[in-house]
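>>> with the input below, show me the fold.
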Amino acid sequence: MRSTGSLVPFEHGAIVDRLLQSVKGPSSESTRKHEPRSGGLRVRLTPHVYSYGPHPLRSWLTDRIQGPRALDVGCASGFMGNLRPDVAWDGIDSFLPLGQDPPNYKRVVRASVENFLASSPVESSYDSILLSDVLEHLVDPLYVLHGLARHLTPGGKVVVSVPNVAHWSVRKDLLMGRWEYTDEGILDRTHLRFLTLATAAELMRAGGYRIESEYFPLSAPRGLRSFPRLTARFPGLFSTHYAAVLSKTED
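Residues are numbered from 1 along each chain as shown. Have a look, this model is predicted:
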């Protein structure tokens, strides 16, 4: 079900009260656009999708890649090329060992994305650019977002995801006075940036993009997993990531 309506306050101090309200709300399909406002985060109901299940974020990203050509920034072992062999993939990864090019990739550049942008000729050659959990590792994500836009074909899309540092699991640890880095996940020790759903959306717009669609993969505490409609009302609390499809504002 798609919902539209007036602004709904999503203020940290009111979370418990809101959770105790009626579970009536959006089903597995709905959309929300997050905008920072004074007095707290406010949520405007607009089209968007929520889901539970195995690797929902990976499936969502995979389905939104359009061909025929795509660039995978931080391609690693190239799982996206395996999932979408119908697309002609190029990859960028500064940590990929020599002689271990991922299958189904036409070209792999062993460099940082910043060096790629500085040394590669400007070509409007990609129909999709994938940034799956990449921006949070960068010193200057705005530079990268602006630079990659020049490599998109007219009508090309950027498909992006970043972790949500305001997820309930991080908030719970903060209440206990804990902020412990991990080898992976939201508090990955290699992250240089920590974004909420609102600040992630701000970053995309500041990078010169229009947000076409957004997606929030939900992960709730065990006691709330039987209430997907309820948790879907609070993506800022229960979503592990912010994900979106972006287009250049000048297109």
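
>>> I'd like the distance between residue 115 and residue 150.
Residue 115 is 15 Å from residue 150, where distance means CB to CB, to the nearest Å. Every C-beta, even on glycine, is put in place using the N, C-alpha and C of the backbone.

>>> now do the helices in the stretch 151-251 of the chain.
Ranges of helices within the stretch 151-251 of the chain are 168-175, 197-206, 228-232, 235-238, based on DSSP state H, counting those that start in this stretch.

>>> tell me the buried residues in the longest one?
Buried residues in helix 197-206, counting neighbours by 16 or more other CB atoms under 10 Å, are found at 197, 198, 199, 200, 201, 203, 204.

>>> I figured residue 181 hits residue 194, correct?
No. Taking CB atoms under 8 Å as the definition, residue 181 is not a contact partner of residue 194, at 11.1 Å.

>>> quick one: which of the two has more around it?
Between residue 181 and residue 194, counted using other CB atoms under 10 Å, the more crowded position is residue 194 (15 against 10).

>>> now do the phi/psi pair for that one.
With angles defined as degrees, to the nearest 10, residue 194 sits at phi -130, psi 120.

>>> wait, it sits on residue 141?
No. Using CB under 8 Å, residue 194 makes no contact with residue 141, being 11.9 Å away.

>>> tell me where the model's unsure across this protein.
Applying pLDDT under 70 to the chain flags the ranges 1-54, 251.

>>> tell me where the protein has strands.
With strands called from DSSP state E, the chain shows them at 8-10, 32-37, 40-45, 49-51, 69-73, 88-92, 105-109, 126-132, 152-163, 209-217, 241-248.

>>> could those go into TSV alongside distance to residue 99?
Shown next, in TSV, are the strands of the chain (distance: least, CB to CB, whole Å):
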stretch	distance to residue 99
strand 8-10	49
strand 32-37	44
strand 40-45	47
strand 49-51	38
strand 69-73	19
strand 88-92	15
strand 105-109	11
strand 126-132	24
strand 152-163	29
strand 209-217	34
strand 241-248	32
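
>>> what about residue 213, how many neighbours?
Neighbours of residue 213 under the rule other CB under 10 Å: 17.

>>> ok, it touching residue 247?
No. The pair residue 213 and residue 247 does not pass the contact test of CB under 8 Å, sitting 10.2 Å apart.

>>> my read: residue 87 touches residue 64, true?
No. Applying CB under 8 Å, one finds residue 87 not in contact with residue 64, separated by 11.6 Å.

>>> same drill for those two, tell me which one is more crowded.
residue 87 (21 against 17).

>>> run through the residues that contact that one.
Contact analysis of residue 87 by CB atoms under 8 Å, 6 or more residues apart in numbering lists 65, 67, 68, 69, 70, 81, 128.

>>> let's go with 6 Å and repeat that
Shown in contact with residue 87 (CB atoms under 6 Å, 6 or more residues apart in numbering): 67, 70.

>>> likewise the one 3 residues further on?
Each residue near residue 90 by CB under 6 Å, 6+ apart is listed here: 71, 106, 107.

>>> and with 8 Å instead?
For residue 90, the contact set (CB under 8 Å, 6+ apart) comprises 69, 70, 71, 72, 105, 106, 107, 108, 109, 126.
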